[in-house]
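Asker: what shape does this take:
(chains A and B)
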Amino acid sequence: MRGRHRAPVPDLSSKLRVLMNSTLFVLASLDGLSYAALVFLVSVGLSLIFGVLRIVNVAHGSLYAFGAYLAATLSLLVTPISPWLTYPALLVASLVIGIVAGGLIERLLLSRVYGREEVLQLLITFAVFMIMDNLQRMIWGVQPIYAAEPLKLLPNISIFGVSYTSYQVIVLPIVAVLALFGLRYFLRRTLMGSVILAVTEDREAATAIGINAQKVYLITFIIGATLAALGGALASPTTSLVPGMGTEMIVLSFAVAATAGLGQIEGTAITALAIGMARAFVIYLQPEFEVLVPYLIMVAVLLVRPEGLFGATKLRKI
Amino acid sequence: MASRSTVLSWTLAAVVVAAGVIPLLIPSMATLVVLILAKGIVVLGIIILLQAGQVSFGHAMFFAAGSYTAGFWGRYLGVGDLFAYLVVGTVVATLLGLLVGLFVVRYREIFFGMLNLAFSMVLWSLLEKMFHLTNGADGMRVPRPTVFGMAFSPDNFQYVLLYLTLAIATAATFAVQRFLESPTGNMLRAIKSNETRLEYLGVSARRVLLIGYVISAALGGIGGVLVAVAQQIATPEFAYWTKSGEFVFIAILGGVGNALGAFAGSAVFELVRFYASAQLANSWQLILGIVLIAIILFAPNGLIGLWKRQRAARDET
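Answerer: Predicted structure coming up:
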């Protein structure tokens, strides 16, 4: 997921000083930016689903992985015809996974556990995670898969003297920003968006005025699942696909969504950027603590503000 | 009521005898039964928390604390004694539980679950990345310990471990059942039904939950030591979130209303995993996932609930 063209990493002894006044600073920022864009797409889907359905979707990382694998498969399929077809392939893959897998999960399983105990809702998505993890190994095997065609098509660009792939520093952030504003517009300016917010606010009242809550849940879940699959599809050219990629992504996106406050769309964007940047800088400073960073931030934030950085404080009900 | 509890004690006795005798007839089962019992002990802790309506998606951290106690001991102090592993592992897990518990008991439901997850992922990253101390992702070997100062051959050791685990599991089951029926246990259930009323009685809900949390952490540590000794290894995976999910899974599978559910769930889980890995080309996750969905949709009280329902139906006819 990191840049392919980087300056050699210097000795860690003079790390901070070097980082501050060298191209490494730019490099780390760009790494962080492209990484944050992907993490945002996945986290915001998770956050949206929780905001509306009140269910933490443990299978979210599997949707990410399925999006990535299907995108890679389709890319490899269409590359001989024209490499440019790989771009629509990424989009098709995320839509197929989001609508088919997401739709099936909501209709067949989640719709039967609304209103049941929280632990059962959580565990049913855990069961989906186990099933999808197993299916993924059966369909795509355990060997790493590479499909970097979309990344190779676009030229490298030079930013403050650092050469970086424009796919990672331009395409990915643009898609993330489009998703952010698209979601904002959809939820706050369209009828369907208002309906979703109404059901979130008060399901009974919304149902009483004729809103079909079932449909709202289905649509929300499909949007969330598609965002996860899109994150995976866009990530597929930048990394090798291996089993376990979804397992890692779910906790990471969960850390981002929880740090921001579940259900907070703009907050998720800011948090994804912060955690992405922090992680990128730590990679250059102290690489062994890379995976630790998101969780340390999460623990620190949740201890002080359990509702997340941007979440609204909830009054205690008697 | 009396007849039902008699039935339960007889069932318990039958289960204990079966767990003790079957491995004598089929030696290859000995380690499997140890794993079932050890994981059941951890799941007892999950069941305690579920009484209060709280789901910990990070309980694997206490499991790993127990396992790594044995691992560190083996690496830095040489071959130790199983009894010492158990004592130190339980103490370490208990202290960790107290430390983490002081923070997490302030929160409920999803926030409780999230904080637990975050803490366990911190532990996981540390275990995996502090390579020079923990041997990283490969994990630490746990050499076969002595038992009360006596060294055993591998064949004999697996039986010693089995009977010791069986004794601990039985004691833990009784202790947990007693705890759940005690005033504190009832207060724990009151957190789920109405925490505010509990506080009106002058009881600190946080303290009650902390007691439950520390006990469940201790049980996690015991289970962790036993699994590490049985498998002779402790790896960072022991602290990963999927492990925590597995424990909650087993609790729901068995049924959370009764301490026996932990072992029923654990037995089904491990047996399916064992036989499906061997016979059905690595599809154990698929099978267990489907089983879990079926349980959630059709038998929310777990295997124990199914069994009770069947008994009730038979009694009526």
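
Asker: switch to C-alpha atoms for all contacts and neighbour counts from now on
Answerer: Fine.

Asker: in terms of pLDDT, where does residue 158 sit?
Answerer: If you meant another chain, say so; for now it's chain A. Per-residue confidence (pLDDT) for A:Ser158: 81.

Asker: the chain in question should be chain B.
Answerer: pLDDT, read off for B:Gln158, is 85.

Asker: so what's the residue count around it?
Answerer: 22 (other Cα atoms under 10 Å in any protein chain shown).

Asker: show the contacting residues for it.
Answerer: Residues in contact with B:Gln158 (Cα atoms under 8 Å, 6 or more residues apart in numbering or on different chains) are B:Ala30, B:Thr31, B:Ala230.

Asker: at 7 Å what do you get?
Answerer: B:Ala30, B:Thr31 (Cα atoms under 7 Å, 6 or more residues apart in numbering or on different chains).

Asker: that one: helix or strand, and which one exactly?
Answerer: helix B:154-181 (DSSP states H and E).

Asker: and that helix, what's buried?
Answerer: For helix B:154-181, burial by neighbour count (16 or more other Cα atoms under 10 Å in any protein chain shown) applies to B:157-159, B:161-166, B:168-170, B:172-173, B:176-177, B:179-180.

Asker: cool, stretch A:279-292 as well?
Answerer: Buried, per 16+ other Cα under 10 Å, within stretch A:279-292: A:Arg279, A:Ala280, A:Phe281, A:Val282, A:Ile283, A:Tyr284, A:Leu285, A:Glu288, A:Phe289, A:Glu290, A:Val291, A:Leu292.

Asker: gap between the nearest residue to the fifth one once chain neighbours are set aside and B:Leu126?
Answerer: This means A:Ile283. Nearest non-adjacent residue to A:Ile283, counting by Cα to Cα, 6 or more residues apart in numbering or on different chains: A:Glu290, 5.5 Å away. Look at A:Glu290 and B:Leu126: by Cα to Cα, to the nearest Å, they are 10 Å apart.

Asker: equivalent analysis for A:Arg188, please.
Answerer: Going from A:Arg188 to B:Leu126 by Cα to Cα gives 42 Å.

Asker: swap in A:Val113?
Answerer: 36 Å.

Asker: which SSE is B:Met61 in?
Answerer: Here B:Met61 is assigned to helix B:60-72, by DSSP H and E.

Asker: which residues sit against that helix?
Answerer: By Cα under 7 Å, 6+ apart, helix B:60-72 touches B:85, B:89-90, B:92-93, B:120, B:123, B:140-142, B:217, B:220-225, B:228, B:234, B:238-240, B:243-244.

Asker: how about stretch A:167-179?
Answerer: Residues contacting stretch A:167-179 (Cα under 7 Å, 6+ apart): A:Leu30, A:Leu33, A:Ser34, A:Ala37, A:Phe40, A:Leu41, A:Leu151, A:Leu154.

Asker: flag every buried residue along it.
Answerer: Under 16+ other Cα under 10 Å, the buried positions of stretch A:167-179 are A:Tyr167, A:Gln168, A:Val169, A:Val171, A:Leu172, A:Pro173, A:Val175, A:Ala176, A:Ala179.

Asker: let me know the closest of those to B:Leu99.
Answerer: Nearest to B:Leu99 among the buried residues of stretch A:167-179, counting by Cα to Cα, is A:Ala176 at 39.1 Å.

Asker: wait, does stretch A:107-124 contact chain B?
Answerer: Yes: using Cα under 7 Å from any Cα of the partner chain, stretch A:107-124 reaches chain B at A:Val119, A:Leu120, A:Leu123, A:Ile124.

Asker: just put the residues you listed in a markdown table and tack on pLDDT.
Answerer: Shown next, in a markdown table, are these (pLDDT from 0 to 100):
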| residue | pLDDT |
| --- | --- |
| A:Val119 | 83 |
| A:Leu120 | 86 |
| A:Leu123 | 88 |
| A:Ile124 | 91 |
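
Asker: most neighbours among these, which one?
Answerer: The residues of stretch A:107-124 next to chain B, ranked by neighbours (other Cα under 10 Å): first place A:Ile124, 27 neighbours.

Asker: so who does the residue nearest the centre of chain A touch?
Answerer: The centre of chain A sits closest to A:Val42, judged by Cα atoms, centre = their mean, with a distance of 1.4 Å. A:Val42 makes contacts with A:Leu227, A:Ala228, A:Gly231, A:Ser253, as judged by Cα under 7 Å, 6+ apart.

Asker: before we move on, the earlier item: of A:Arg188 and B:Leu126, which one has the most company?
Answerer: B:Leu126 (19 against 15).

Asker: separation between that one and A:Val291?
Answerer: From B:Leu126 to A:Val291 the distance is 9 Å (Cα to Cα).

Asker: do A:Thr86 as well
Answerer: 31 Å.

Asker: sorry, back to before: in helices, which of the contacts of helix B:60-72 appear?
Answerer: Residues of the contacts of helix B:60-72 located in helices (DSSP state H): B:85, B:89-90, B:92-93, B:120, B:123, B:217, B:220-225, B:228, B:243-244.

Asker: can you pull out the strands in the stretch 1-150 of chain B?
Answerer: B:140-141 (DSSP state E, counting those that start in this stretch).

Asker: quick check: residues of it near chain A?
Answerer: Counting by Cα under 7 Å from any Cα, the stretch 1-150 of chain B sits next to chain A at B:Val55, B:Phe111, B:Leu115, B:Ala118, B:Phe119, B:Met121, B:Val122, B:Ser125, B:Lys129.

Asker: measure B:Phe249 to B:Val15 for me?
Answerer: 21 Å.

Asker: higher neighbour count, those two?
Answerer: B:Phe249 (27 against 15).

Asker: pLDDT at the more buried one, what is it?
Answerer: Predicted confidence (pLDDT) for B:Phe249: 89.

Asker: and if you look at the one 3 residues further on?
Answerer: The predicted structure scores B:Ile252 at 88 on the pLDDT scale.

Asker: what residues are up against it?
Answerer: Per Cα under 7 Å, 6+ apart, neighbours of B:Ile252: B:Gly302.

Asker: and it, how far is that from A:Ser194?
Answerer: Taken as Cα to Cα, the span from B:Ile252 to A:Ser194 is 37 Å.

Asker: can you pull out the strands in the stretch 51-200 of chain A?
Answerer: Under DSSP E, counting those that start in this stretch, the stretch 51-200 of chain A gives strands at A:156-159, A:162-165.

Asker: what's the distance between B:Val272 and B:Thr242?
Answerer: 17 Å.

Asker: ok, now B:Ile222?
Answerer: Taken as Cα to Cα, the span from B:Ile222 to B:Thr242 is 19 Å.

Asker: please say which of those two ends up with more neighbours.
Answerer: When B:Ile222 and B:Thr242 are compared for neighbours, B:Ile222 comes out ahead with 33 against 18, by other Cα under 10 Å.

Asker: ok, that one touching B:Val87?
Answerer: No: counting by Cα atoms under 7 Å, B:Ile222 sits too far from B:Val87 to count as a contact (8.3 Å).

Asker: now stretch B:148-162, how far from the centre of its chain.
Answerer: 23 Å (Cα atoms, centre = their mean, to the nearest Å).

Asker: same question for stretch A:235-251.
Answerer: 11 Å.

Asker: how about stretch A:59-66?
Answerer: The answer for stretch A:59-66 is 9 Å, by Cα atoms, centre = their mean.

Asker: how about low-confidence regions in the stretch 201-318 of chain A?
Answerer: The stretch 201-318 of chain A contains residues with pLDDT under 70 at A:312-318.

Asker: how about a cut-off of 50?
Answerer: By pLDDT under 50, the weakly predicted segments of the stretch 201-318 of chain A are A:315-318.

Asker: please see if the strand or helix carrying B:Leu288 touches chain A.
Answerer: Assigned by DSSP H and E, B:Leu288 belongs to helix B:284-298. Yes: for helix B:284-298 and chain A, the contact criterion (Cα under 7 Å from any Cα) is met by B:Gln285, B:Leu286, B:Gly289, B:Leu292, B:Ile293, B:Ile296.
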